[in-house]
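> Fold the following, please.
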Amino acid sequence: MVVVAIIGVLAAIALPAYQGYTARAKVSEVILAMSACRTTITEIYQSGSTAPTAGGWGCEVTGGTKYVSSLATSADGKVTATVRNVSGEVDGKHITMTPMSSSETPATTSTLGNGLWGWRCGHGPDGTDLDVKFLPGSCRSS
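Prediction:
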């Protein structure tokens, strides 16, 4: 009887932690799907070529993948992914990656040819509505 109680307590503690871990692992695959856009957009900002319009950067996904229902881009290169097939708390939420011209300033196409300072991932004001506990570590402190 004591053994059953101990197993029950351990299961009650381990199951939520495991579910959170698997959700973060699936969301990290969403971030990986977004990285193709990040590469394309970075190259265009670096080369200074003509900027495409919103949805015309060549890396968008409309049909989706296992965990991404859509992948869209803005005119300035912000990438937005809509999550699916992860969990009830996560499905339908959006994750964004924003090109930055400095640590505080999002890049605009008027700065083409100057390169990028970096990318901001998962930052709320940019449109990410996913709870931070589901974001991979690389997106939490951005």
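> show me where the protein has strands.
In the chain, the strands defined using DSSP state E lie at 68-73, 79-83, 94-100, 118-121.
> can you list these in TSV and add mean neighbour count and mean pLDDT?
Heads up, the C-betas are built off the backbone N, CA and C, glycines and all. Below are the strands of the chain laid out as TSV (neighbours: other C-beta atoms under 10 Å; pLDDT from 0 to 100):
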stretch	mean neighbour count	mean pLDDT
strand 68-73	20	93
strand 79-83	23	93
strand 94-100	23	93
strand 118-121	20	90
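> Reformat the ones you listed as JSON lines; add distance to Ser47.
As requested, the strands of the chain are arranged in JSON lines below (distance: least, C-beta to C-beta, whole Å):
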{"stretch": "strand 68-73", "distance to Ser47": "17"}
{"stretch": "strand 79-83", "distance to Ser47": "18"}
{"stretch": "strand 94-100", "distance to Ser47": "14"}
{"stretch": "strand 118-121", "distance to Ser47": "17"}
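> Quick one: closest of these to Thr42.
Taking C-beta to C-beta, strand 94-100 is the member of the strands of the chain nearest to Thr42, at 7.2 Å.
> Measure how buried the closest residue to Tyr45 other than its chain neighbours is and give me the count.
Using C-beta to C-beta, 6 or more residues apart in numbering and skipping the chain neighbours, the partner closest in space to Tyr45 is Leu116 (5.0 Å). By other C-beta atoms under 10 Å, the residues close to Leu116 number 18.
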